[in-house]
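Asks: Mind folding the following:
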Amino acid sequence: MRLLKIRRNTYGYFFITPFIIGFLVFGLYPLYNTFALSFTNTTLMNASSAEYIGLDNFKRLFADDFFMKGVTNTWLLWILNFTPQIGIALLLSAWFTNARLKIKGVGLWRALFYLPNLLMPATIAALFFSLFQFYGPVNQAIVQLGIVDEAVHFLQKVSVARILVIFIQWWMWYGQTTIIIMAGIAAIPVHLYEAAMVDGATGPQMFRRITLPLLKPILIYVFVTSLVGGMQMFDIPFLLTDQRGGPSSSIMTNNILMYMKFSSSKGHIGAASSVGVLVFIMTTVVALGIFFVMRDRNIPSERKKKEKTLRPLRTQMAELKAQE
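Replies: Presented below is the predicted three-dimensional model:
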């Protein structure tokens, strides 16, 4: 019977084996290989005879203003699209889960919010490129309406290019963030809100004192996943203008720089890998910072209380065993 139980317990390992194999082959090995290549001078021309050069690739990156500009752009574009994204998602979630408002058609609204996330980023970038190019519909409309005398080169303006990238990123992802937060709010016990209402708490007070503290695990997930996606931003800024992060490298991100180094005439694989390694380290450090800042600080104190409560019981159990 015991042998049969052990065999049944091993079934779970068979179910998770495909994931483990996939992670090792397509996740862990590429990460290891990227780290290894970042310490070499590998190019497409000398891939078989590459040499170990230590930290030279990283030294060149930190001395390159182009790389520092890419880091600044990546953080700027992510923060400016994630801030309104999380703010509007929290607001919409609070509205649609509020029993007092009784908003009708919540399922329909959620579907409409999520629809942009189903579209391919490449198609959205191509759409906005067509809309805002020199002979595009936007220029034709503003000229015919008399707003401007002649067409405007929208995609050659730094501010317009950044606003378009920020808007597209926000528009595509705020629906998913809203649905995740709504699911988190729905999991909060209703009796907490009922007790607060009996005590005379207002809607904003309940949101601040009940909803936000209990949403910490969901918010950590949203922050970290959005951070990872933001640091890997590539297709929209790449396809929106000149495929080099123009104008004036204003929307050039880390991944665009990595692609440019890899796709150059020599194909600097080692230099491109060093960019990927720095993005990985930067993302990991900030993600750990998010976990630390948003951790539940009451857990240690609760554990101490449990230890104090259980200590006398353990002492009594030990004395009874000694008497036996």
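Asks: Which positions in the top helix by length along the chain come out as buried?
Replies: Using DSSP state H to assign secondary structure, the helix with the most residues in the chain is helix 65-96. Taking 16 or more other C-beta atoms under 10 Å as the basis for neighbour counts, the residues of helix 65-96 that come out buried are 67, 69-71, 73-78, 80-82, 85-86, 88-90, 92-94, 96. Placement of C-beta: from N, CA and C, glycine included.
Asks: Tell me which stretches of the stretch 101-250 of the chain form helices.
Replies: Taking DSSP state H, counting those that start in this stretch as the criterion, the stretch 101-250 of the chain carries its helices at 106-114, 121-132, 137-144, 158-186, 190-198, 203-206, 212-214, 216-231, 235-240.
Asks: what's next to the last one, contact-wise?
Replies: Contacts made with helix 235-240 from outside it, assessed by C-beta atoms under 8 Å, 6 or more residues apart in numbering, are listed as 77, 121-122, 124-126, 128-129, 155, 161, 164-165, 168-169, 245, 251-253, 256, 259.
Asks: show me the contacts for Ile188.
Replies: Residues in contact with Ile188, defined by C-beta under 8 Å, 6+ apart, are 210-211, 214-215.
Asks: For it, grab phi and psi.
Replies: Dihedral angles phi and psi of Ile188 (degrees, to the nearest 10) take the values phi -80, psi 130.
Asks: ok, so what distance separates it from Arg209?
Replies: Applying C-beta to C-beta, to the nearest Å, one obtains 12 Å for the distance of Ile188 from Arg209.
Asks: could you redo the contacts of Ile188 as JSON lines and give each row pLDDT, distance to Arg110 and neighbour count?
Replies: Supplementary listing: the contacts of Ile188 in JSON lines, determined by pLDDT from 0 to 100; distance: C-beta to C-beta, whole Å; neighbours: other C-beta atoms under 10 Å:
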{"residue": "Ile210", "pLDDT": "89", "distance to Arg110": "22", "neighbour count": "18"}
{"residue": "Thr211", "pLDDT": "90", "distance to Arg110": "18", "neighbour count": "20"}
{"residue": "Leu214", "pLDDT": "91", "distance to Arg110": "21", "neighbour count": "15"}
{"residue": "Leu215", "pLDDT": "92", "distance to Arg110": "17", "neighbour count": "19"}
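Asks: closest to Leu24 among the residues you listed?
Replies: Checking the contacts of Ile188 against Leu24 with C-beta to C-beta, the nearest one is Leu215 at 34.1 Å.
Asks: Can you give me every residue that contacts Asp149?
Replies: Going by C-beta under 8 Å, 6+ apart, Asp149 touches Val143.
Asks: From Ala122, how far off is it?
Replies: Between Asp149 and Ala122 the distance is 34 Å, computed by C-beta to C-beta.
Asks: go on, Thr43?
Replies: Here Thr43 is placed at a distance of 28 Å from Ala122 (C-beta to C-beta).
Asks: higher neighbour count, these two?
Replies: A direct count of neighbours by other C-beta atoms under 10 Å for Thr43 and Ala122 places Thr43 higher, at 19 against 12.
Asks: backbone phi and psi for the nearest residue to the more buried one once chain neighbours are set aside, please?
Replies: Closest residue in space to Thr43, ignoring its immediate chain neighbours: Lys266 at 4.8 Å, by C-beta to C-beta, 6 or more residues apart in numbering. Geometry field for Lys266 lists phi and psi as phi -90, psi -20, criterion degrees, to the nearest 10.
Asks: how deep is the nearest residue to Asn98 once chain neighbours are set aside tucked in, by neighbour count?
Replies: Ranked by C-beta to C-beta, 6+ apart and with sequence neighbours excluded, the top spatial neighbour of Asn98 is Gly203, at 6.9 Å. Burial of Gly203, expressed as a neighbour count using other C-beta under 10 Å, amounts to 15.
Asks: wait, what's in contact with Gly203?
Replies: Contacts of Gly203 were listed using C-beta under 8 Å, 6+ apart, and they are 94, 98, 100.
Asks: which among these gets closest to Asp296?
Replies: For the contacts of Gly203, the minimum distance to Asp296 (C-beta to C-beta) is 21.6 Å, reached by Ala94.
Asks: what's the closest non-adjacent residue to the closest one?
Replies: In this structure, Ala94 finds its nearest non-sequential neighbour in Phe207, 5.7 Å apart by C-beta to C-beta, 6+ apart.
Asks: Likewise for Ala151?
Replies: Distances taken as C-beta to C-beta, 6+ apart place Asn139 nearest to Ala151, at 4.0 Å, with adjacent residues excluded.
Asks: returning to what we had before: just to check, the residue nearest to Thr43 is in contact with Leu44?
Replies: Yes - shown here, Lys266 and Leu44 form a contact pair, counting by C-beta atoms under 8 Å, at 6.5 Å.
Asks: which residues touch the residue nearest to Thr43?
Replies: Shown in contact with Lys266 (C-beta under 8 Å, 6+ apart): 43-45.
Asks: Among these, which one lies nearest to Leu55?
Replies: Thr43 (17.9 Å).
Asks: who are the neighbours in contact with the closest one?
Replies: Applying C-beta under 8 Å, 6+ apart, we find Thr43 in contact with 50, 266-270.
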